[in-house]
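Engineer: Fold the following and give me the result.
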Amino acid sequence: MKIAILSRNARLYSTVRLVEAARARGHSVRVLDPLRCYMRIAAGAFEIHYKGRALRGTDAVIPRIGASITFYGTAVVRQFEMMGVHTPNSSDAILRARDKLRTLQLLAREGIDLPATVFGDNPDDTSDLLAMLGEPPHVIKLNEGAQGQGVLLAEKRAAAQGMIEAFRSLYTNFLVQEFVREANGADLRCFVVGDRVIAAMQRQAPEGDFRANLHRGGSARAVKLSAAESRTAVQAAQLVGLGVAGVDLLRSQRGPLVLEVNSSPGLEGIEAAAGVDVAGAIIEHLERAVPQGKRPSGRRSRRAA
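Structural biologist: Numbers count the residues shown, from 1 in each chain. You can find the predicted model right below:
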């Protein structure tokens, strides 16, 4: 199988591990910077060129699209899709996951539990918006933030109002959520591949912080999920449309709560904490999805974009 990995940096741990896992199974693999991919779109025919040459014969593409290049990166993934190339995470699914509000709306519609969330635009509505949420503390987060960036905790209502005013002055979209105190600064990262959780870790926030992200100094250890937690993680990934996802959960008194669904979850922390060959599981998932000998035609896909 000929695999392309879309990544801005071929030296990143996640990218290196995917390359190693693919080659260990006898596949041809190439890392492509999505910003160096450029496209020709015409009736019934699609092309992608990379550094002056046409890309042909690719069987599968693994997108590692960062938040800063969402628009262009998903356009490249979509072009591969139009050429009949398989991807575990479609362009539309990546866009859904990147928009936290959209993800929460999709999950809530299907009965997946999550921290109560409010969203509004007009400053005149802030007081009632916070009343809809309930008493503080409140968590305020950027709608498209990542790795714990743009996430703040307001202990009092006046602090929440001040933070909301600050975010509004930056003309950015943000959410306000209930603070789940019983989680004690910990969350669960569930790595979903296909229809199962292949690895899970509990992340613990450092002292004095409530964000458990490893990039914010949190620690991690392997954890055994309950049946409800595994089921919730898989359902969340599937509802968003992702074949490979990092689903973050909180343990609460009312059961598992979905924090977010990540379309480009890092491999380093989960492989180290859980001791699982996550990269290998992703390649095996591709092998099951792409029958041996199948090659894309490059002709227009019949599926809607």
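Engineer: pLDDT weak spots in this protein?
Structural biologist: Across the chain, the ranges flagged by pLDDT under 70 are 145-149, 206-217, 293-305.
Engineer: 80 instead, please
Structural biologist: Segments of the chain classed as low confidence (criterion: pLDDT under 80) are 144-150, 205-219, 291-305.
Engineer: how about A4, phi and psi?
Structural biologist: A4 adopts backbone torsions of phi -110, psi 130, taken as degrees, to the nearest 10.
Engineer: so how many other residues sit close to it?
Structural biologist: The number of residues packed near A4 is 25, by other CB atoms under 10 Å. To be clear about C-beta, it is placed using only N, CA and C from the backbone, and glycine gets the same treatment.
Engineer: Just the element for the residue nearest to it when sequence neighbours are not counted, please.
Structural biologist: Ranked by CB to CB, 6 or more residues apart in numbering and with sequence neighbours excluded, the top spatial neighbour of A4 is V61, at 4.6 Å. Secondary structure here is read from DSSP states H and E; on that basis V61 sits in strand 60-63.
Engineer: Run through the neighbouring helices and strands of that strand.
Structural biologist: strand 2-6, helix 70-82, helix 278-289 (3 or more CB pairs under 8 Å, 6 or more residues apart in numbering; DSSP states H and E).
Engineer: Contact partners for the residue nearest to A4?
Structural biologist: By CB atoms under 8 Å, 6 or more residues apart in numbering, the residues touching V61 are 3-6, 77, 80, 85-87.
Engineer: For those residues, give me CSV that also has distance to H285.
Structural biologist: Formatted as CSV, the entries for these read as follows, by distance: CB to CB, whole Å:
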residue, distance to H285
I3, 12
A4, 16
I5, 14
L6, 17
V77, 17
F80, 17
V85, 15
H86, 10
T87, 11
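Engineer: Going by distance to L95, which of those wins?
Structural biologist: Distance to L95, by CB to CB, is smallest for V77 among the contacts of V61, at 9.6 Å.
Engineer: In the sheet, which residues pair with V261? Tell me.
Structural biologist: Applying DSSP bridges to V261 yields these beta-bridge partners: V247.
Engineer: List the contacts of it.
Structural biologist: Residues near V261 by CB under 8 Å, 6+ apart: 97, 103, 107, 236-237, 240, 242, 245-248.
Engineer: give me that answer again for 10 Å
Structural biologist: 93, 96-98, 100, 103-104, 106-107, 190, 192, 233, 236-242, 245-248 (CB atoms under 10 Å, 6 or more residues apart in numbering).
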